[in-house]
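Chemist: fold the following for me, if possible:
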Amino acid sequence: MILICPIAGVGKRLQPFTYSKPKAFLKIAGKRVIDHILIKLKNSFPKGTDICFIVGYKKRQITDYLKSYYSDYFNLHFLKQEPIGYEADTPFFSGVGDAVLLAKEFIQNDDCFVFLSDRLPIEDYSQILLNFHQDICDGVINVKQVDNPQFYGVIELNENGVVKNIHEKPEKPKSNYAVSGAYLFGMSMTTRLFELLEEQSKIPLENGQEHTITTIIQKLIEEGFKLKINEMKKEILDFGRPESLIEGNRLLLAEVKVQDPTYEKLIQSGNIIDSKIVPPVIFGENIKILDSVIGPNVSIGDNVIIDKCILSESVIGDGANLKKIISSESIVGDYTILEDLIKKNITIGDSSFITTSNSKSF
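Modeler: A predicted model of the protein is given here:
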């Protein structure tokens, strides 16, 4: 089985954080989003599995990182998706359908598993594989029942539990089964899948349109291919929007087993001084916490200094320097300096400097 990950997109909804890094490189609960995903894949696929990453935006950052940390387990391949245009200096691409098409050369009489880089299941991916091998079907789509299906691809089932229709972000959804970031296409349908993707790629795009994979799956269904669903019981985290990062951080922290839950080693080392930590909280390397109250549900990156702050329900990036901040439900980017601020719902990109005083303490 070949794994395919479209990871070329810019992640415009996550700007300003994605100005300096791809959206899958945002750190949540102590790890990058792509790390969380690949750890789940390690639990589901054997060593030596081939993964083809379709890169574009920040391609060198992605390839260098993945080669450094995952080439010992996975056979990594990288293909470049060319942008179809630019808005200012920001590229935009033709969609997930065209990204998957680029991996055609790797899929020769084999099953393929497509996973998205901004969707993370709390469960691993083993159940979708089990469902595929236990049932007589051509493919399986990962789904989750949600309250707002109009924001997702939506699945309709027939009376036998087979996928009848799939619609991309319908105004009036006919079910609440939302497509949740993973598709397994059996070898019985991959040849036709790529034929249809190729036909779609030749259709001109306009007004922000994209070549999706949803429309191709609908055509496969209409041609008689049998697809089933794998319903995830636990949450599937959608990291495509800033507001979802806070909720995702909270859910992931609930899963993390901290080796030193009292943070005694950090206190003894002098890295936490005269401060209260309200779990769950996760700290990166080389942090310094002074006269502060941190938690619950706070993720703090590497090389961070926090002085005289009260923080909860927040994500603090690497290299941040915070002094006299009272905040909750906030996302602070890497290498950001903040001072003298009382405000909820702060969203600040990387390398920012904000102070309400004339202090030059930084």
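
Chemist: partners of the strand or helix carrying Leu76 in the sheet?
Modeler: If you go by DSSP states H and E, Leu76 is part of strand 75-80. According to DSSP bridges, strand 75-80 has the following sheet partners: strand 50-55 (parallel).

Chemist: that's a strand at Val114, yeah?
Modeler: Yes - counting by DSSP: H, G, I helix; E, B strand; the rest coil, Val114 is part of a strand.

Chemist: so where do the helices sit in the protein?
Modeler: Assigned by DSSP state H, the chain shows helices spanning 33-42, 59-70, 96-101, 126-134, 187-201, 214-222, 242-255, 264-268.

Chemist: in CSV, list these along with mean neighbour count.
Modeler: C-beta coordinates here come from the backbone N, C-alpha and C atoms, glycine included. Shown next, in CSV, are the helices of the chain (neighbours: other Cβ atoms under 10 Å):
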stretch, mean neighbour count
helix 33-42, 20
helix 59-70, 15
helix 96-101, 24
helix 126-134, 16
helix 187-201, 17
helix 214-222, 18
helix 242-255, 19
helix 264-268, 13
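
Chemist: between those helices, which gets nearest to Ile325?
Modeler: With Cβ to Cβ as the criterion, Ile325 lies closest to helix 242-255 of those, at 16.3 Å.

Chemist: any idea of the angle that closest one forms with helix 33-42?
Modeler: Going by axes from the mean of the first three to the mean of the last three Cα atoms, to 10 degrees, helix 242-255 is angled at 50 degrees with respect to helix 33-42.

Chemist: for helix 242-255, packing partners?
Modeler: If you count contacts as 3 or more Cβ pairs under 8 Å, 6 or more residues apart in numbering; DSSP states H and E, helix 242-255 packs onto strand 27-28, strand 236-238, strand 314-316, strand 331-332.

Chemist: and those, which one is worst for confidence?
Modeler: The weakest mean pLDDT among those belongs to strand 236-238, with a mean of 79.

Chemist: pull the residues that contact that strand.
Modeler: Applying Cβ atoms under 8 Å, 6 or more residues apart in numbering, the contact partners of strand 236-238 are 118-122, 142, 144, 180-181, 244, 247-248, 251-252.

Chemist: mind redoing it with 10 Å?
Modeler: Outside strand 236-238, the residues within contact range by Cβ atoms under 10 Å, 6 or more residues apart in numbering are 28, 33, 36-37, 116, 118-123, 142-144, 146, 151-152, 178-182, 244-245, 247-252.

Chemist: next one: stretch 100-109
Modeler: Stretch 100-109 is touched from outside by 1-6, 8, 50-55, 77, 79-82, 94-95, 112, 114, 183, 185, 187, 190-191, 193-198, 200-201, 211, 213, 216, with contacts defined as Cβ under 10 Å, 6+ apart.

Chemist: what's near enough to touch Leu220?
Modeler: Neighbouring residues of Leu220 by Cβ under 10 Å, 6+ apart: 138-139, 163, 166, 185, 189, 192-193, 196, 226-227.

Chemist: now swap in Asp318 and tell me
Modeler: 27, 284-286, 300-304, 333-336, 350.

Chemist: distance of it from Glu255?
Modeler: Distance of Asp318 to Glu255, computed by Cβ to Cβ, to the nearest Å: 22 Å.

Chemist: pLDDT averaged over stretch 43-52 - what is it?
Modeler: 95.
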